[in-house]
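Asker: quick check, what structure comes out for this input:
(3 chains, ligands or ions: 3)
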Amino acid sequence: MDYPLQLTVNGVAVKRIVEPQIRLLDFLREDLGLTGSKEGCGTGDCGACTVLIDDEPHHSCLTLAVEAEGAAVTTVEGLVTDDKLNEVQSAFVSAGATQCGICTPGFVVMATAYLRDNPNPTDDELRMGVAGNLCRCTGYDTIMTALHSVIDGKVELIEVAPEPQELVPEPEGEL
Amino acid sequence: MAKVVERPQEKTALRVANKPVSRIDGVENVTGATKFGADFSLPGMLWGAILRSPHAHARIRNIEYAKALEAPGVVTVATAADFAEDVVEPTSRPHNVFAGDFALFLGEPVAAIAAVTKEDAEAALELIEVDYEPLPHVLDPEDAMKPDAPAIRHGDGGDIDRTEMSFHSSVASSAEDLDESGNVSSQVQFSRGDIEEGLAEADVVKEGRFTAAMVHQTYLEPHAALAHYTPSGDMKMWVTSQGQFYVRDTVARLLKLPAHKVIVQGTAIGGGFGGKMTLLAPIPAILSKKARRPVKVVWSRSEELVAANPAPYSVIDVKIGAKRDGTLTALQGRVIMDTGAYPGSPMSTATMLLGSCYVFPNMELEGFEVLTNKVSVGAYRAPGAPNSAHAVENVMNWVAQALGMDPVEFRLRNAIKEGDRWPNGQPLPDVGGVEVLEAIKNHQVWNTPLEQGSNGKPRGRGMAIGCWSGGAGGSAATIKLEADGSFSVLVGTINLTGSTTSIAQVAAEELRVPLEYVSVHQGDTNEAPYGPVAGGSQVTYTVSLSAAAAAHEVLRQMKGIAAQRLGADVDDIEFDDGKMWAQGDPERYVTYRRISDEAVGSTNGPIIGTGHGKPARGNPGFAGTIADVEVDTETGLVTILNLVGVQDAGFAINPLSVEGQIQGGTIQGVGYALLEEIVYDEDGSVRNPGLLDYRLPTAADVPNVDTVIVEKHNPYGWKGTRIVGEPSIVPPGAAITSAISDALGIPLHNMPLTPERIVMALRDARSNGRSNGEPTS
Amino acid sequence: MRRFDYAAPTQIFEACALLADRGDDARALAGGTDLIVQMRERGRKVPLIVSLRNLEGFKGISQNADGALTIGAMASGNEVHHSPLVQKHAYFISEGAELLGSIQIRNRGTLGGNVGNAAPSADAAPPLVAAHATASIVGKQGTREVPVGDLMVGPGQLALEPGELIQSFTVPAQPAHTGTRYVRHVPRREMDIAVVGIAALVSLEDDLATIKEASVVLSAVAPTWPHATTAEQTLRGQQISEKLLADAGEAAAADSRPISDVRASAEYRRMMVDVYTRRALATAIERAKTAV
Ligand SMILES: Cc1cc2nc3c(=O)[nH]c(=O)nc-3n(C[C@H](O)[C@H](O)[C@H](O)COP(=O)(O)OP(=O)(O)OC[C@H]3O[C@@H](n4cnc5c(N)ncnc54)[C@H](O)[C@@H]3O)c2cc1C
Ligand code: FES
Ligand code: FES
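Answerer: Ligands and ions are numbered 1, 2, ... in the order given. As a prediction, the model looks like this:
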């Protein structure tokens, strides 16, 4: 059976017909081509599929697409504003908090929501707050460094695809 | 942040190498733009699903799939019958895509379906009728070694495929493959001196029997592959794998296609750690060939945990003797390694590594690789080494304690050095074991006495070291000078560990331009020069050499052009910052951009250089861990208070990336030590096939890792580089279990030390009247 | 996942009728953190899913005139955890809810679902049982109140008729000097399923040294969420002492009926019931002393 579905994804109104067994994760990845949300487990155990539903972090792998009817969904692709990475994204890049990068989208979405609600956590609270997001590569060290730099307000926002600077200036004195 | 122990050599002239650089692909990762295996799709694409054996051991009498073919959406079904007999190697898991006459473990693929949707493919699996005759199965390797144990395999003989192990270790395996002796698939022995005499000479002898659980690499991205067999007969593939050429060769062989017609693009890879090679790729390939449509298959996490290729369970006996002055006299060791249903485990490496860190004048080591009806094992970051280190390093600490010696001093006294031999007789080049031990000895954590907690919970400290030989495969790289004076580098290796960034650093350093002038591209198997599997820590080690060679070739051509233009001798050309000039006259120069222009019209033609080769030899990397723990003796819960990871990187091309490797490997070691274990039920099924019960450490379970990078120059690597990826996982399991042992005052022998194992060990020790006594065995 | 039909009715009677008509073929969907996992990983087949998301009267947390607290079945783990009302009224219900998975799980997973899933290892349900909460059950026949402690009859099984739903939970007001604690044993600190869970509620006499009433409910060590009745008897009317807590711990261990599974052996579980009962009681007593 097919169901009509209306929602907004990253600020854009979307209308589609879906089958009820389609998970929000499948809908985002396959119907909308937003492959930033990842499937690490499909059972709520890894956090790689985390998206914001009405501003709250949810597992898109445990959410039926039809259950997101009327919701505002934000994926990792929707975190960039005015051509700048958000604070958490920028901090991840600067701190080298991504290795393979597969956990990164979910981690960034989760941490963005967590730090919005808890701007001043202790290190332990922070670790508990993001414990639903597994990372196998980093050992979490650089991720924590990145998030602490957000907490300390020390992040410079990074521009997405900046205008390339001219490489070799036309030199003087060249032969 | 890492403390780098500086080599005395001056490094001031370095431009971008040896400087921390965050990964070039960072922005792509944080925006979700990076495309991993499952992120590729094609119009008209079908989805594949895999039918797996529900029996740990069974004869397959018949497979009937006519009904499945009629099901909605189903396009094709593939089974073992689709592969020509002469390409199937019964003893090689990658070349045995589907179970043939026998299913040897629960979860072994039996058939696969391609259908229009995932749901259609999965639903149709139930319509395949397989006639199984269940056979007796064995799950425990020690049971499997008994003379009356049922045979795991069925007279299939054949050479054992050790390809994947060879990626990880350049050390020759001297294991004998055994066809005739029941379920022991191979056996190895190393001996030196006279073990009995060595033990007799010793004033202190300690021994123990250690088990290490089967653990999963648990890369967070499950296996995924997309195959498209085009009308012109090209097999185009997008695969998440550590080695695109290995995938290509395997698929070409299995499908009897010419290598150049199998075009594999290795996608961004969401972690591999040795476990992501070519298990899945042949399945979408055969389905696509049959369906003549693109087919994608993505494994679920439970398929990963049940049927991928985890790291082996092992039982290791170790006995070590030393004289009162701390000199080692003897090492006796015996390794039993559970290889699962296919041979190819790191048994011989694990056996040899028992004797790899210290000089033992007398030793006797033997190893047995044993078949069982479990999933076959694969490589996981320094395969076999954490198991070995767990056994040896714990016993070393017991010996040190019995001698009343500091465990670091004891190790320093016996540490292996250049010219000493490994158990296989191979003399060592200049290794950094001593330097790693010195770094531990000088570390602030090591020099700060462990304070007892206020809550009455006992605390303990443990240290361990370990080493890994690493791979040293052949590789190649191509560099082009572009029109504006920038460079593009083409490689065929997978960017697994941020190696792309390091390679860019190497090229920029050699070409003397800023990092932004260099881009590195990973081409598909037809575009790119050959690259080794991203395993064995070898990508940066080997590709840095070929990238440097390619840069030298490019510079040679550029100098020719510059010399002409400057009217100077080629040998007098100097360069930096995108300019070349004649020695002594830097005011008159030509830019790289001008050289590029000029070259196109010259007899040289466009500037392009390829470098290829293989490091003269591998050179082991050493690592060490200090762990401080606190134990709740009532519940067995362990809190790690301090974790220090020390590693010799030779020359850290990108210290940020080296540091990340140390941290990641150390925390994987925490998983080994405390949490991770694939648990089997009696029927051969995995009882914890999900990430809730197969427990990776979360951020809340681990402390920061205090990292120290030691740089002991390796004459065989680019500017002294050594393998980096793997050694960090070797010692943490040993150090953490040893710290727990220290806290409780009892010997402990298992990994992982789950809360239950700790509580039960304490209870047993109490009932034996020995708690808080000296750890002995 | 298998194909299935889906409905998200707005009327309670409609939801109940759909579920009653399809019997075992239909299942209510709250947050889906149990149900979707079972359908995906364990091949559970559910031909009709009836979503509760649009139903009125299943949401919200409020205090009643008589001082009792009503928590809608669809209240999410995070709502229950963060609710000042819940924290003030029966802190351990907040504590239990806080343990559900991760923040993401707690945004989806509901209190009704935790009870509805009827897992022996549930973390949010045992505090409801220990606090003598009742569930309002709606069905085609109307509404009935059932003690949460009587609701679970075995793993995955509730004493509900087809078509019946839990609409809300009512937690009675607690006497003065009452303190509560829910604590569980797991190898990881987050993201784990209880090996043992203990919900303890203690009411003290005005002397703050004598136990007036105690309620100890066990998780993950029996087919349901039973009271540790011997332990409760051991405590009632007694002076607080270390020995008393130790006796209660031992009694609770004897009351438990654990099994061995992939998470732990029965033997270890019994040992942990002892340890955690003691610890839960100690905290509940501390809280009771400072409670108003
Ligand atoms: C990663 C992960 C970690 C978890 N960790 C924990 C944990 O630590 N502790 C714990 O206790 N649980 C845990 N869970 C399980 C689960 O999250 C909780 O049980 C949660 O409360 C279930 O709520 P839900 O709304 O998602 O239920 P659903 O999955 O929607 O429903 C569960 C069952 O209850 C029935 N049901 C739902 N609502 C009602 C109702 N109003 N009336 C009648 N029946 C109903 C459904 O039909 C279904 O059978 C975890 C789950 C995951 C995936
Ligand atoms: S994919 Fe959703 S939590 Fe892992
Ligand atoms: S960076 Fe690989 S899993 Fe986190």
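Asker: hey, let's count contacts and neighbours off CA atoms from now on
Answerer: Will do.
Asker: could you chop the chain up by domain?
Answerer: Answering for chain A, as no chain was given. A:3-78, A:87-151 (automatic domain parsing).
Asker: ah, I was thinking of chain C
Answerer: Per automatic domain parsing, the structural domains of chain C span C:5-51, C:61-171, C:178-290.
Asker: the helix ranked longest in chain A vs chain B: in contact?
Answerer: Longest among the helix segments of chain A by residue count, using DSSP state H, is helix A:104-117. Yes. Helix A:104-117 comes into contact with chain B (C-alpha under 8 Å from any C-alpha of the partner chain), by way of A:T104, A:P105, A:V108.
Asker: packing partners for that helix?
Answerer: Contacts defined by 3 or more C-alpha pairs under 8 Å, 6 or more residues apart in numbering or on different chains; DSSP states H and E place helix A:104-117 against strand A:50-53, strand A:56-59, helix A:87-95, helix B:26-30.
Asker: check the model's average confidence along that helix for me.
Answerer: When pLDDT is averaged over helix A:104-117, the result is 98.
Asker: do the same with stretch C:38-57
Answerer: Per-residue pLDDT values across stretch C:38-57 average out to 93.
Asker: same thing with stretch A:145-155?
Answerer: 97.
Asker: next: stretch B:163-180.
Answerer: 61.
Asker: please apply the same query to stretch C:117-137.
Answerer: The average pLDDT for stretch C:117-137 rounds to 98.
Asker: ends of that stretch, what's the gap?
Answerer: End-to-end distance of stretch C:117-137 (C-alpha to C-alpha, to the nearest Å): 15 Å.
Asker: how about the residues of helix A:104-117 next to chain B in CSV, adding distance to C:H132 and neighbour count?
Answerer: Formatted as CSV, those follow (distance: C-alpha to C-alpha, whole Å; neighbours: other C-alpha atoms under 10 Å in any protein chain shown):
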residue, distance to C:H132, neighbour count
A:T104, 44, 30
A:P105, 43, 32
A:V108, 41, 32
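Asker: for the most centrally placed residue in chain A, give me its contacts.
Answerer: Nearest residue to the geometric centre of chain A (C-alpha atoms, centre = their mean): A:V76, 3.1 Å. Neighbour list for A:V76: A:G36, A:S37, A:V51, A:P105, A:G106, A:V108, A:V109, B:V30, B:T31, B:G32 [criterion: C-alpha atoms under 8 Å, 6 or more residues apart in numbering or on different chains].
Asker: with A:D45 instead?
Answerer: When contacts are counted by C-alpha under 8 Å, 6+ apart, A:D45 is found next to A:G132, A:N133, B:G690, B:L691, B:L692, C:M191.
Asker: thinking again about what came up before, kindly reformat the domains of chain C as JSON lines containing mean neighbour count and distance to ligand 3.
Answerer: Converted to JSON lines, these look like this (neighbours: other C-alpha atoms under 10 Å in any protein chain shown; distance: least, C-alpha to the nearest ligand atom, whole Å):
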{"stretch": "domain C:5-51", "mean neighbour count": "19", "distance to ligand 3": "22"}
{"stretch": "domain C:61-171", "mean neighbour count": "22", "distance to ligand 3": "17"}
{"stretch": "domain C:178-290", "mean neighbour count": "22", "distance to ligand 3": "17"}
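Asker: still on that earlier bit, the contacts of A:V76: which ones sit near ligand 1?
Answerer: Near ligand 1, judged by C-alpha under 6 Å from any ligand atom, there are no entries from these.
Asker: make TSV from the residues you listed and add distance to C:N117 to it.
Answerer: Formatted as TSV, the contacts of A:V76 follow (distance: C-alpha to C-alpha, whole Å):
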residue	distance to C:N117
A:G36	32
A:S37	28
A:V51	25
A:P105	31
A:G106	27
A:V108	31
A:V109	29
B:V30	36
B:T31	37
B:G32	35
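Asker: quick one on the thing from earlier: out of the domains of chain C, which comes closest to ligand 2?
Answerer: Nearest to ligand 2, of all those, is domain C:61-171, at 8.6 Å by C-alpha to the nearest ligand atom.
Asker: the stretch 351-500 of chain B: strands as residue ranges?
Answerer: In the stretch 351-500 of chain B, the segments counted as strands under DSSP state E, counting those that start in this stretch are B:362-371, B:459-468, B:475-481, B:487-491.
Asker: any idea which of those is most buried?
Answerer: Among these, strand B:459-468 has the highest mean neighbour count (mean count of other C-alpha atoms under 10 Å in any protein chain shown), at a mean of 28.
Asker: before we move on, back to that, would you format the domains of chain C as JSON lines with distance to A:L115 included?
Answerer: As requested, the domains of chain C are arranged in JSON lines below (distance: least, C-alpha to C-alpha, whole Å):
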{"stretch": "domain C:5-51", "distance to A:L115": "24"}
{"stretch": "domain C:61-171", "distance to A:L115": "13"}
{"stretch": "domain C:178-290", "distance to A:L115": "18"}
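Asker: to B:L106, which of those domains lies closest?
Answerer: domain C:5-51 (16.0 Å; C-alpha to C-alpha).
Asker: what about the closest one, near ligand 2?
Answerer: No. If you take C-alpha under 6 Å from any ligand atom as the test, domain C:5-51 misses ligand 2, and the best it gets is 10.3 Å.
Asker: can you name the residue of chain A nearest ligand 2?
Answerer: Closest to ligand 2 within chain A is A:G44: 3.3 Å, counting by C-alpha to the nearest ligand atom.
Asker: you'd agree that residue is in a helix?
Answerer: No. Per DSSP: H, G, I helix; E, B strand; the rest coil, A:G44 lies outside any helix segment and is coil.
Asker: and for it, the neighbour number?
Answerer: A:G44: 31 surrounding residues under other C-alpha atoms under 10 Å in any protein chain shown.
Asker: how about the residues of the stretch 51-200 of chain C near chain B?
Answerer: Close to chain B, as judged by C-alpha under 8 Å from any C-alpha, the stretch 51-200 of chain C has residues C:P187, C:R188, C:R189, C:E190, C:M191, C:D192, C:I193.
Asker: by proximity to ligand 3, which residue of the stretch 651-777 of chain B wins?
Answerer: Going by C-alpha to the nearest ligand atom, ligand 3 is nearest to B:G664 of the stretch 651-777 of chain B, at 9.1 Å.
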